[in-house]
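In: got a structure for you, letters missing:
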């Protein structure tokens, strides 16, 4: 009779799987809580300790680390000397292993736990059994994911030699244990305050195969660090499958609205950067103000809302060709209005990331890793450097401009008024060109730039950018400061009667 060893932390689907194995004639071996669960379900099961003739010890730390277990897993069935060796020692082959590991990542993510409590969730026997079984996939079926239970039972019932399936399951095991070890390594590094250890192992899970990458002909896939986290948490309501570029633009969209918290905000994104961003009293008002910034560029955009979308906003969005719209929630009427657009991808959720998440950018032969930029941008620590003080209305526009410019590709300049961008200069090689472009875009869209506020993601290296803004009628500027020519830049602002504040921090986005 074939033998199956089952020892799992995640017991979802376990009883049905074990019953299916028993019906196929498998002898069931198990340990601890898994064995109790099976017995409670009236299944006949033997304890591993009965087979090893050695009791569980050290509070369960040692129970499957035994030659009887690993000999039964590793013996090659096609080598007579292997089979003779285990027979000589009274070791029976183990044909199937079902193991999932202690919940280390979930435990480590909890607050208030002592390090000793987290360490106890480092599984030793489980990974050892998985690796032994996976190495011998030619003869042993190894299952680490409850999602595979149905597939495995179906294959066993056919009675054929499913070596390709066993190979796939073995591959899954090594990816799983590598990710598990990576999480443990990262936790140890974090304990000593090192976010960037000498060796960094990044483990991601594929959630979607994409049709292609940025361009046809480039293969691509979407991976997440934690299933159900970040963009992977978004629920799609209809529309076509998300593309590589859709996902990039969704990241830009979420980045744009993050600084506004619970304020009603709307961002319209093209090629990962805003072409319109605004706040309002309602989602509709925020959308209309954002759209007014650059209605031409909004064609084929991705739109993000910081608050649930109602029918009025949905109907307005549906009147424009849009690739995706994302919001925390939608009213039933809003979903109906958006659902009438067959190809529109409607996404629901917040797509939040943890404060410890890292930002990873690929370069040739490696990656650059940094802390994620802070999503909360306030006026704390601002310093007024000009003779003229900004008015209270200007301060509001400056704070909005500072939050808005952080999501625009560098070099970045935004012009704002009344909680909305009216001109955006993005991705320029010089800051004065970014200022020129912001003014140009505002005027093309029919906005007057007189009395507007300006936000710059980095300091002005020369006074020419300030003079460009002054010619357009800009009255207040927010920028980080820190240039060797700050005095010249401040003097230019004073000459034109402008107010200027230094934030002391830069918000480059490359």
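Out: Noted; the coordinates are in hand. All of these numbers come straight from a predicted model, not from anything done at the bench.
In: C-alpha from now on. contacts and neighbour counts both.
Out: Will do.
In: neighbouring contacts of stretch 1-19?
Out: For stretch 1-19, contacts defined as C-alpha atoms under 8 Å, 6 or more residues apart in numbering pick out 21, 25-32, 34-35, 37-38, 41, 43, 93-103, 126, 146, 149-150, 153.
In: buried residues in it?
Out: 3-8, 14-15, 17-19 (16 or more other C-alpha atoms under 10 Å).
In: Stretch 374-390 now?
Out: Neighbour-count burial for stretch 374-390 [16+ other C-alpha under 10 Å]: 375, 377, 379, 385-386, 389-390.
In: Next: stretch 193-207.
Out: By neighbour count on 16+ other C-alpha under 10 Å, the buried set for stretch 193-207 is 195, 203.
In: okay, now residue 116: neighbour count?
Out: Residues lying near residue 116 (other C-alpha atoms under 10 Å) number 8.
In: any idea how far it is from residue 186?
Out: 16 Å (C-alpha to C-alpha, to the nearest Å).
In: my guess is residue 101 contacts residue 125, does it?
Out: No. Residue 101 is beyond contact range of residue 125, at 9.0 Å (criterion: C-alpha atoms under 8 Å).
In: So for those two, which residue has more residues nearby?
Out: Taking other C-alpha under 10 Å, residue 101 and residue 125 do not tie; residue 101 has more neighbours (22 against 18).
In: tally of neighbours for residue 456?
Out: Neighbour tally, residue 456, other C-alpha under 10 Å: 31.
In: Just want the phi and psi numbers for it.
Out: phi -120, psi 130 (degrees, to the nearest 10).
In: Sitting in strands, which of the contacts of stretch 1-19 do you find?
Out: Among the contacts of stretch 1-19, the residues falling in strands (DSSP state E) are 27-30, 96-100.
In: farthest-separated two in the residues you listed?
Out: Within the ones in strands among the contacts of stretch 1-19, 27 and 100 form the most distant pair, 19.4 Å apart (C-alpha to C-alpha).
In: Which one's more surrounded, the two?
Out: Shown here are residue 27 and residue 100; by other C-alpha under 10 Å, residue 100 has more neighbours (23 against 19).
In: how close does that one sit to residue 8?
Out: 5 Å.
In: now residue 275
Out: 50 Å.
In: same thing with residue 74?
Out: 20 Å.
In: the longest helix in the chain is where?
Out: When the chain is parsed with DSSP state H, its longest helix is helix 163-191.
In: Can you list the buried residues in it?
Out: 165-167, 169-170, 172-174, 176-184, 186-187, 189.
In: what do you get for stretch 251-263?
Out: Here stretch 251-263 shows 251-260, 263 as buried, counting by 16+ other C-alpha under 10 Å.
In: How far does the helix or strand of the chain with the lowest mean pLDDT sit from its chain's centre?
Out: None of the helices or strands of the chain scores lower by mean pLDDT, DSSP states H and E than helix 48-52, at a mean of 76. The chain centre lies 43 Å from the centre of helix 48-52; the measure is C-alpha atoms, centre = their mean, to the nearest Å.
In: Could you name the helices and strands sitting against that helix?
Out: Packed against helix 48-52 by the contact rule (3 or more C-alpha pairs under 8 Å, 6 or more residues apart in numbering; DSSP states H and E) you find helix 67-74.
In: Now do the helix it packs on, average pLDDT.
Out: Across helix 67-74, pLDDT averages out at 83.
In: if I look at the residue most central in space within the chain, how far off is residue 371?
Out: Centroid check for the chain by C-alpha atoms, centre = their mean gives residue 230 as the closest residue, at 3.3 Å. Using C-alpha to C-alpha, residue 230 is found at 16 Å from residue 371.
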